[in-house]
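S.K.: Here is my input, please return the structure:
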Amino acid sequence: MEPSPADKEEVEAEEPLRSEEEEEDEEEGEEGWDDWCSDGEDVGGGLLCLFCSSRFDAENSLFEHCAAEHCFDFHRIVKELGLDFYSCIKLINFARSKVAEKKCWSCGQAFSSNTELCSHLHAVENYQIEGKVPWEDDVYLKPFMEDDSLLHSLSIDDDDDEDEDCGMSMERGQCSAGNGVLAEPPGNTLRTISERNGSDISPQFHQECTVGSTQGEDRESLAHEMNDSHLKVARASVNAKAIKTVDDNYFGSYSSFGIHREMLGDKVRTDAYRDAILGNPSLLSGATVLDVGCGTGILSLFAAKAGASRVVSVDGSAKMASVATQVAKNNGLLYDENVKAEQKQGSAQVISVVHTKAEELNQKIQVPQNGFDVLVSEWMGYCLLYESMLSSVLYARDHFLKPGGAILPDTATILGAGFGKGGTSLPFWENVYGFDMSCIGKEVTSSSARFPVVDVLSSQDIVTETAVLHSFDLASMKESEMDFTASFELRLSESSATVPGVTWCYGIVLWFDTGFTNRFCKEKPVVLSTSPYVTPTHWSQTIFTFEEPIAMAKEESALGSSASAGTDECPATMLRSRISIVRASEHRSIDISVETTAISSVGWKRSWPVQIFNL
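M.R.: Now for the predicted structure:
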């Protein structure tokens, strides 16, 4: 699937891909943290106080300090209100967010400085407003402070009674699910937690937390093991809730018909899938097909038209699952389970639409293991891997596709090249109705050196040869292979090398090709390319701008001197780059790091600090 509508808004070529709300939140957060640290106190490692810049080695020391210096008795609040693990997480994030706004966490009064706020802090007389605590909203489950060590080390056990957890009884053979509700007996622990959170517990916790009812097992030992692991289960559940929130927003964004209009209107994209499906009758005729992320159902419609015997269309958006169902019905292709088997023979009514994520398909319908002949999905995002829907496709491949079954597309390749000044907005700002506004262009370009830009780049602005960064074999790759590091070299293209003098390289642009190869598409192999050398697609290209442009020249015209490589006096004949693309801590996002070294014809080298981009 492609990026959400929020990422489809038209932006200035070098402006960051962030919403105004995110920028405002960051500005507010940064202002608050700067104020905390402005007094020059130690800001080294350890656990950061909720109200000042003091740091501590243990959470007990931190909370003792908060109680003594800031009238915030965490343990007393937890005990009086009987807070569960989730509520403790919310309370800490709520307090941090209010302090960042320079507001009292208990009464809401605002102050002009953190010093005034700390002088005002007072004990709370009434925690609840209209029967609710102010940190009750689930938004406070998301860490307010990135990599908050306090949340990672948080324990809510009552020191006065080792069998209590925040005032809640822990009986033998039972464990707290971390939210103030006792789980069912150990054999049902995972099912209970999963049902409450609406999402699966992360696999790394599965083995740790699944304790079956085994014959002869000592129940007291079992209870002790579960008591040790219940906090880990709770933290996994917090992560699951955060992932579910991102997924809900992601699938919800596809409820807008505008993005589907854009995707369907992308002829490069849609024609490639149509040609691969309809152009390979030996693959699709009589086949069972799974369409992951079906959207409007266009790929399922193609599969049904190509002669598939059964098509199961899966989408995480309730709205689009409903729409795809209606579309299939309107076209006489919707599967009707009430029709007798003999009547179905030769019928085109083969499409079933299921509202679910691919990973949860078995929870919605009964699917024979490895029961599909063909898996088709349009999963690609910006820079290929943005939104990370590929993991869902790989899961579906491993669980639902027959051994040797076809996956469409079956290859994907990320490519890149260096681009020149025309790939930035500098030319525009240099002449605005006859006026020089290049100072704005420089600021915009400087900003784009921190954020990736998704835009269509003209092939005329490419100044180097093309390099292949990484190729994926969708039929065999593992999910871990989505994270990779590529090293490659860039030299001036033939057309750029003929230009007199130096050619300035302003950054690296990435794009991707996906292949419907003759491995599965024997009659008609197809390539879907998002290259700047072909018709533009809605994916555009992804642009990474250098901190400063690098001068390049062909080898025989390089001057060579003691000047730094990549300058006008000593242009580079080659750029050696290293790019890493990994899944970010925020679900469905990716982090990209770019390292660049300029090498001149006489061997001079200059390396720039690594640039980190988030998409």
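S.K.: and the lengthiest strand in the chain, which strands flank it?
M.R.: Among the segments of the chain that qualify as a strand by DSSP state E, the longest is strand 503-516. Paired strands of strand 503-516, with direction, are strand 411-419 (antiparallel), strand 526-529 (antiparallel), strand 541-552 (antiparallel) (DSSP bridges).
S.K.: quick one: the strands in the stretch 1-150 of the chain?
M.R.: 47-48, 55-56 (DSSP state E, counting those that start in this stretch).
S.K.: That should have said the stretch 201-350 of the chain, apologies.
M.R.: Counting by DSSP E, counting those that start in this stretch, the strands of the stretch 201-350 of the chain are 288-292, 310-315.
S.K.: Output the ones you listed in a markdown table; the columns should cover mean neighbour count and distance to Arg274.
M.R.: Using the backbone N, CA and C atoms, a C-beta is placed for each residue, glycine as well. Shown next, in a markdown table, are these (neighbours: other C-beta atoms under 10 Å; distance: least, C-beta to C-beta, whole Å):
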| stretch | mean neighbour count | distance to Arg274 |
| --- | --- | --- |
| strand 288-292 | 27 | 14 |
| strand 310-315 | 27 | 15 |
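S.K.: ok, back up a step: for the longest strand of the chain, the distance to its chain's centre please.
M.R.: Averaging C-alpha positions (C-alpha atoms, centre = their mean, to the nearest Å) puts strand 503-516 21 Å from its chain's average.
S.K.: The strands of the stretch 1-150 of the chain: which one's closest to Asp436?
M.R.: Evaluated over these, closeness to Asp436 peaks at strand 47-48, with 46.7 Å, by C-beta to C-beta.
S.K.: If Leu575 is in a bridge, with which residues?
M.R.: Going by DSSP bridges, Leu575 forms beta bridges with Leu490, Ala598.
S.K.: From what I see, it and Tyr506 are in contact.
M.R.: No. Here Leu575 does not reach Tyr506: they are 11.7 Å apart, not a contact under C-beta atoms under 8 Å.
S.K.: so what sits against both of those two?
M.R.: Gly418 (C-beta atoms under 8 Å, 6 or more residues apart in numbering).
S.K.: Now for Gly418: which residues touch it?
M.R.: Contacts of Gly418 by C-beta under 8 Å, 6+ apart are 462-464, 490, 505-509, 552, 575.
S.K.: ok, back up a step: any idea which of the strands of the stretch 201-350 of the chain gets closest to Glu548?
M.R.: Of the strands of the stretch 201-350 of the chain, nearest to Glu548 by C-beta to C-beta is strand 288-292, at 42.8 Å.
S.K.: Need the residues that contact that closest one.
M.R.: Contacts to strand 288-292, defined as C-beta under 8 Å, 6+ apart, come from residues 297, 299-300, 303, 308-314, 358, 371-377, 379, 389, 392-393, 396, 400-401.
S.K.: Give me the buried subset of the residues you listed.
M.R.: 297, 299-300, 303, 308-314, 358, 371-377, 379, 389, 392-393, 396, 400-401 (16 or more other C-beta atoms under 10 Å).
S.K.: so what's Lys103 up against?
M.R.: So Lys103 contacts 109-111, 117 (C-beta under 8 Å, 6+ apart).
S.K.: Just to be sure, which of the residues you listed are found in helices?
M.R.: Among those, the members falling in helices (DSSP state H) are Leu117.
S.K.: Closest one of the contacts of Lys103 to Glu125?
M.R.: Using C-beta to C-beta, the contacts of Lys103 come closest to Glu125 at Gln109, 14.2 Å.
S.K.: Could you check how far the closest one is from Phe400?
M.R.: Distance, Gln109 to Phe400, using C-beta to C-beta, to the nearest Å: 57 Å.
S.K.: try Ala110
M.R.: 55 Å.
S.K.: What is the burial count for Val509?
M.R.: 26 (other C-beta atoms under 10 Å).
S.K.: isn't it right up against Thr542?
M.R.: Yes. Between Val509 and Thr542 there is a contact at 7.0 Å, judged by C-beta under 8 Å.
S.K.: so Ala58 makes contact with Leu47?
M.R.: Yes. Counting by C-beta under 8 Å, Ala58 touches Leu47, with 7.3 Å between them.
S.K.: where in the stretch 451-600 of the chain is pLDDT low?
M.R.: Residue ranges of the stretch 451-600 of the chain with pLDDT under 70: 497, 556-562, 585-588.
S.K.: how about the helices of it, start to end?
M.R.: 494-497 (DSSP state H, counting those that start in this stretch).
S.K.: Give the residue spans of the stretch 201-350 of the chain that score low on pLDDT.
M.R.: 201-260, 262, 264, 338-347.
S.K.: switch the cut-off to 90
M.R.: 201-266, 295-296, 316-321, 335-349 (pLDDT under 90).
S.K.: just the helices in it please.
M.R.: Going by DSSP H, counting those that start in this stretch, the stretch 201-350 of the chain shows helices at 203-209, 219-253, 257-265, 267-278, 281-284, 298-305, 318-330, 341-344.
S.K.: Specify the angle between the fourth one and helix 298-305 in degrees.
M.R.: In this case it means helix 267-278. 30 degrees (axes from the mean of the first three to the mean of the last three C-alpha atoms, to 10 degrees).
S.K.: Helix 267-278: how far from the chain's middle?
M.R.: So, by C-alpha atoms, centre = their mean, the centroid of helix 267-278 is 27 Å from its chain's centroid.
S.K.: Show me the contact partners of that helix.
M.R.: 263-264, 284, 298-299, 302-303, 305-306, 376, 378, 408-409, 514, 516, 521, 524, 526-530, 534-539.
S.K.: about what we covered before: can you say which of the strands of the stretch 1-150 of the chain is packed in most?
M.R.: strand 47-48 (a mean of 22; mean count of other C-beta atoms under 10 Å).
S.K.: Show the average pLDDT along that one.
M.R.: Average pLDDT, strand 47-48: 88.
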